[in-house]
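> build me a structure from this.
(3 chains)
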Amino acid sequence: MHISPVLWQFLVKWLTNSALFPREASTIAPYADALYFFLLLITIAGLALVGALVFGFSIRYRKERNPVATQVEGSTLLEATWTIIPLALFLVCFVWGALLYFRIYNPPTNAMNIYVVGKQWMWKAEHPGGQHEINNLHVPTGRPIQLTMISQDVFHSFSIPDFRVKREVIPGRYSTVWFEATTPGTYHIFCTQYCGTKHSGMIGEVTVLTPEDYKKWTEGSTSGMSLAQNGERLFASMGCNACHTGDAASRGPSLAGVYGSKLRLASGSEVLVNEAYLRDAILNPAQHITAGYAPIMPTYQGQISEEGLIDLVEYLKSLKTNYRVQQTLTTSESNQAAPMTPGVVKP
Amino acid sequence: MDNTIVATHDIHAEEHHHVSLPQHRHHFETAEQQREAGTFGMWLFLLTEIMFFGGLFFAYLLYRNWYNPAFVAASNQLSIPLGTANTAILITSGFFMALGVWAAEVRKQGLLVLFLLLTTLFGFVFLGVKYVEYAEKFEKHHVPGASFDISEFVNPPINQKTGKPIEEPLSPDMARKTQVFFSLYFAMTGMHALHMIIGIFLLGWLTWRAQRGDFSSGYVAPIENFGLYWHFVDIVWIFLFPLLYLINRHPGS
Amino acid sequence: MSTTSSTIVNLPDQRTATLPKRNYLNAEDGLLSWLLTGDHKRIAMLYLISITFFFFIGGIFAGLIRLELLTPQPDLVASDTYNKLFSMHGIIMVFLFLVPSVPATIGNFVIPIMIGAKDLAFPKINLLSWYLYVVGGIMTLAALVLGGVDTGWTFTTPLSTHYLNTHVVTTGLAIFVAGFSSIFTGLNFIVTIHRMRAPGMTWFRMPLFVWSHYAASILMVLGTPVLAITLVLVVLERTIHIGVFDPSLGGDPLLFQHLFWFYSHPAVYIMILPGMGVISEIISTFSRKRVFGYTAVAFSSVAIAVFGFFVWEHHMFIMGVSNYSALVFSLLTMLVAVPSAIKVFNWAFTLQKGSITFETPMLYAFAFIGLFTIGGLTGVFLGSLGMDIHLTETYFIVAHFHYVMVGGMLMAFLGGVHFWWPKMTGRMYPESISKLSAVTSFIGFNLTFMPQFILGYLGMPRRYHAYPAEYQVLNVLSTAGATVLGIGFLMPLIYLTWSLKYGAIAGNNPWQATGLEWQIQSPPLTENFIETPIVDYEAYDYEWLAHKTEQEVTTVG
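Model prediction:
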């Protein structure tokens, strides 16, 4: 029998690409797949049961075999059965799903943080070491990676199907997702939230490297300035250091070591200082006044790009002492005042 | 073949129910059923309206929580005397509406027309006051949009006697959030005013029908149902007034 | 139980039947008599024509979408055009077809008759609903002709308010207007069901079709206004730049999501509940047996309506909502799945000990049960938090809601149209070709959407104009299926129109069904009943029917 070449091609393509399941390339993927198979099993079993009942009854009680219907009111026992068993199964799905959800959305504390900025229609990744990438993301295997993501414009959604992770990227607030890649290779990044004309062009690739290759890559592609270093520059050029001098008498609170601490606000509430807090405090300072300080800080909304904010946040995260602040302060004001000798050796 | 369910049923038994009033619709068995259905439908419609305004109230509560200082400062920009006056005006209007329902029920055509006209009049007065308030917002650039101006919240005018600002100054970023307040202010009062305007059109129509004598023979469902609508509009205002005007007003402030 | 008394007399009046001289179709003549009618049956027919029109418009868009996705490259249309295609497809299908489909046509036609009323409580408001629907539809068409809209049917802010230059305002207002059509229909149904029931028609004698419409009406009345105000805010934000959803002004775009899904999740139940009602009628009729566990099915409709209001956040699990609220909403989502499961099993057991025949409506009902089971169970995937992360916003979700909406609701709609067609028009549809069309749609449907489940798990995002080449095979299958499906949907349009003139005369009760609507002439009189019926039998009482028929046979014969 002759098979038409088009059909043949199609069949070959089908067989070579007959994947029914995506690759498992992260530590989470097997967990997600396990739940998927469980749900698939329930679905097939449920469908088989309903199908068997419908077809079985249709054959057994078709008019030719059963010309007279017997009227039945119902059966509390049967109805209770098919209320309780589905309910129990659904509750299992709920608990299992919830556990997976918490696993996917609660990053381990030792995760390496990479920033991702989404905009129409590209993904920009910023590594702490200063490597910038567009529509590409290089990560090492065997290390938890946390992505801190934000959108410059509309809703986007960052999805890596082979890792089974996805999270909405929202304008105006950080969202996070984490994964630990297991297998070197390249994987799709999709924007899955409809975001305008070139929505389907907002795609990229995760390149997973072995730790050695990753090290090579970081060294080879650094821009020379880490995010924190960029942030330090920005801190000086925006004049932040004029108030946040680190002195006890300064107009702004000292920012050294503030990241990760619990801060008491003027409103009386206590907050944990994280990336989101720092970003928001720069843009909307009035809502984040540290107790004991006057609400004098101007807003920087519209004056710093999301990338700049990331630099500043990284800088503040890295700020463990006020030495560098004063150092930059001194240099920036060196034409007015005599330089002071620092008490410690520059690191 | 017979189309009826119970073939032995006496066909003439139901005849006397029909057409006791000219406004009675044929598909209702009795006038009582028609009236009940109408009232029930109106209540359901009001339930719909509650959900309609509910969305706005939900947004209001969320942002008021987030941006309380801005909401307080912006709320202080609204005129309490005008707001109070409008509350009184609207309640008066509602009072005349209630009288109108009474007049219809006791079949006093002249009084009904009078009360409906008074209801309309006070409705117009309310809208007039609202217009004055809106105009002031336009002058002060407190209407959300490109021309929105926050300077008054950042640098409030100085009180001549005390030498202090009449308001607590807001930092610029908080002052920007006053725009959220005014957005909601215009959306909520605008929606309310739209309901008033629709109500006034309906009032005009009802007044015309009343003077024609439609409601003088015991058929009062339209008046009653419109009364429900009008009172609902009043009640929405009773919620809007404290939420928008009185955020930070308490004795001594 | 006497066996002889429940024997069904085989289509007693069909051979001798003639079209009644007087009926609602010929009661008055002229276009105006239709456009100004207060008769619920005529309004139902007006709706039927208009929603069919919009269904095929939406269908053409679906066809173009599938055609574009035949190849991975963006080659058939430009990206903007593609975005408009799926937006218009969604908007038209959801707001102009699915929401009014069964309630406004079949529901409008049979609910008053089923409960023994002469009309809906507010005939003028019913007509107003249709006009609002038409105005909404024309505005949508206007937006379409002027250049379309590309927000997606979800109108996500800030994309819809600040970033698109298409006709968002027109479309938003169109949906606003169409929404009020839906509110008034729901309001009319609730009042009618409460106040217009015939003597003896107690709540638990009502057909389940009425129960499911009652539940759906509650959702229409309480949910739709929230969508209305949300759209008003979107329009205001777009036109005069108020700052309620705009993050740069301090608004919260997630608030839009909450408000939108507060309506749009219950909307799913607005769409499916009436379909479930249709299935209850059909299954019972063609197994000649009372629905198994009538009370459970009735209450499960109400339970779905009530729970349906408290699950909206499951559309937002990946949007950075608090983990604990996600837990609550996931749990509630699991709970809302239970009443649906109850219904499916009750339908299956209705067949048991029945005397089953397989006319076209029954085939559609079987299709519904199978496809809805798949649609429902895949909903559990999405309600399960961790699984949702991977599956949401992919083709899995597209397949899931098409299984529920097309596989469920559309099959139910078609089943219902075939089932009540003799009552609506007085004529039968051609049986064998309609069976063929039911089977064609079933096969075409599965071929279209089953591959999309796999695509979704593989990760293909929804609303993608172009996609990686490895997804092509499954997309080709899907497009091939869509072609079959399209044929399956075109066939009824043709043969039903044909049957208007050439179909066999149906007679009063071709199915030997028990509902009040089957005890009157087909097509019915304008006033439905010559005199108010007094109901002295339970719903689906086939023994009562057999008894009645026997009496008639003896009196006539």
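> after the helix or strand where residue C:455 lies, which helix or strand is next?
Remark: residue C:455 resides in helix C:431-458, with elements defined by DSSP states H and E. Remark: after helix C:431-458, the chain's next helix or strand is helix C:472-502, criterion DSSP H and E.
> for that following helix, packing partners?
Judged by 3 or more C-beta pairs under 8 Å, 6 or more residues apart in numbering or on different chains; DSSP states H and E, the packing partners of helix C:472-502 are helix A:5-16, helix C:40-68, helix C:411-425, helix C:431-458. C-beta coordinates here come from the backbone N, C-alpha and C atoms, glycine included.
> only alpha carbons, please: show the third one as PDB.
Once non-C-alpha atoms are left out, helix C:411-425 reads as follows in PDB (Å, rounded to 0.1, in the frame of the first residue of the first chain):
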ATOM      1  CA  MET C 411     -24.200  19.800  23.700                       C
ATOM      2  CA  ALA C 412     -27.000  20.400  26.300                       C
ATOM      3  CA  PHE C 413     -28.200  23.400  24.200                       C
ATOM      4  CA  LEU C 414     -28.300  21.300  21.000                       C
ATOM      5  CA  GLY C 415     -29.900  18.400  22.900                       C
ATOM      6  CA  GLY C 416     -32.500  20.800  24.300                       C
ATOM      7  CA  VAL C 417     -33.200  22.500  21.000                       C
ATOM      8  CA  HIS C 418     -33.800  19.100  19.400                       C
ATOM      9  CA  PHE C 419     -35.800  17.900  22.400                       C
ATOM     10  CA  TRP C 420     -38.200  21.000  22.400                       C
ATOM     11  CA  TRP C 421     -38.100  21.600  18.700                       C
ATOM     12  CA  PRO C 422     -41.400  19.800  18.200                       C
ATOM     13  CA  LYS C 423     -42.900  21.900  20.900                       C
ATOM     14  CA  MET C 424     -41.500  25.100  19.600                       C
ATOM     15  CA  THR C 425     -42.300  24.600  16.000                       C
END
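> how about the strands in chain A?
Counting by DSSP state E, residue ranges of the strands within chain A are A:112-119, A:122-126, A:132-134, A:136-140, A:145-151, A:156-160, A:165-169, A:175-179, A:185-191, A:203-209, A:262-264, A:270-272.
> flag every residue of the stretch 51-200 of chain C that's near chain A.
Within the stretch 51-200 of chain C, the positions adjacent to chain A are C:74, C:79-80, C:83, C:150, C:152, C:154, C:156, C:158-159, C:162-164 by C-beta under 8 Å from any C-beta of the partner chain.
> the one helix or strand in chain C whose mean pLDDT sits lowest near chain A anywhere?
Comparing helices and strands within chain C by mean pLDDT, DSSP states H and E singles out helix C:542-556 as the least confident, with a mean of 78. Yes. Using C-beta under 8 Å from any C-beta, helix C:542-556 reaches chain A at C:542-543.
> returning to what we had before: possible to save the strands of chain A as CSV with mean pLDDT and mean neighbour count?
Supplementary listing: the strands of chain A in CSV, determined by pLDDT from 0 to 100; neighbours: other C-beta atoms under 10 Å in any protein chain shown:
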stretch, mean pLDDT, mean neighbour count
strand A:112-119, 92, 22
strand A:122-126, 93, 21
strand A:132-134, 91, 14
strand A:136-140, 94, 21
strand A:145-151, 93, 24
strand A:156-160, 95, 28
strand A:165-169, 94, 25
strand A:175-179, 93, 23
strand A:185-191, 94, 22
strand A:203-209, 94, 21
strand A:262-264, 86, 12
strand A:270-272, 87, 12
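> any chance of TSV for those strands, columns distance to residue B:71?
Below are those laid out as TSV (distance: least, C-beta to C-beta, whole Å):
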stretch	distance to residue B:71
strand A:112-119	31
strand A:122-126	36
strand A:132-134	41
strand A:136-140	42
strand A:145-151	27
strand A:156-160	31
strand A:165-169	28
strand A:175-179	27
strand A:185-191	36
strand A:203-209	42
strand A:262-264	24
strand A:270-272	21
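> ok, which of those comes nearest chain B?
Put simply, out of the strands of chain A the one that sits nearest chain B is strand A:270-272, at 14.4 Å, with distance taken as C-beta to the nearest C-beta.
> name the helices or strands packed onto that closest one?
In terms of contact count using 3+ C-beta pairs under 8 Å, 6+ apart, strand A:270-272 is assigned the packing partners strand A:262-264.
> give me that answer again for 10 Å
Here strand A:270-272 is seen to pack against strand A:262-264, helix A:275-283 when contacts are counted using 3 or more C-beta pairs under 10 Å, 6 or more residues apart in numbering or on different chains; DSSP states H and E.
> can you say which of those is packed in most?
Sort these by mean neighbour count, taking mean count of other C-beta atoms under 10 Å in any protein chain shown, and helix A:275-283 sits at the top with a mean of 20.
> can stretch A:108-128 be said to contact chain C?
Yes. Stretch A:108-128 lies in contact with chain C when judged by C-beta under 10 Å from any C-beta of the partner chain; the contacting residues are A:120-121.
> what about that stretch, how long is it end to end?
Stretch A:108-128 has an end-to-end distance of 18 Å (C-alpha to C-alpha, to the nearest Å).
> quick one: contacts for the residue of the stretch 101-250 of chain B found nearest chain C?
Among the residues of the stretch 101-250 of chain B, residue B:183 lies nearest to chain C; the distance is 3.5 Å by C-beta to the nearest C-beta. By C-beta atoms under 10 Å, 6 or more residues apart in numbering or on different chains, the residues touching residue B:183 are B:59, B:63, B:143-145, B:148, C:233, C:236-237, C:240-246, C:249-251.
> how about a cut-off of 8 Å?
For residue B:183, the residues meeting the contact criterion (C-beta atoms under 8 Å, 6 or more residues apart in numbering or on different chains) are B:144, C:236, C:242-244, C:249, C:251.
> if any of those residues are buried, give me the ChimeraX selection for them.
The ChimeraX command for the buried members of these (criterion: 16 or more other C-beta atoms under 10 Å in any protein chain shown) is given here:
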select /B:144 /C:236,242,243,244,249,251
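> tell me the SS of the residue lying closest to residue C:116 once chain neighbours are set aside?
Here the nearest residue to residue C:116 in space, its sequence neighbours aside, is residue C:198; by C-beta to C-beta, 6 or more residues apart in numbering or on different chains that works out to 2.6 Å. The three-state label for residue C:198, taken from DSSP: H, G, I helix; E, B strand; the rest coil, comes out as coil.
> next one: residue C:198 from chain A, what distance?
Separation of residue C:198 from chain A (C-beta to the nearest C-beta, to the nearest Å): 23 Å.
> can you redo the helices and strands packed on helix C:472-502 as CSV with mean neighbour count, distance to chain B and mean pLDDT?
Rendered in CSV, the data for these read as follows (neighbours: other C-beta atoms under 10 Å in any protein chain shown; distance: least, C-beta to the nearest C-beta, whole Å; pLDDT from 0 to 100):
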stretch, mean neighbour count, distance to chain B, mean pLDDT
helix A:5-16, 11, 49, 68
helix C:40-68, 20, 9, 95
helix C:411-425, 26, 13, 95
helix C:431-458, 21, 23, 95
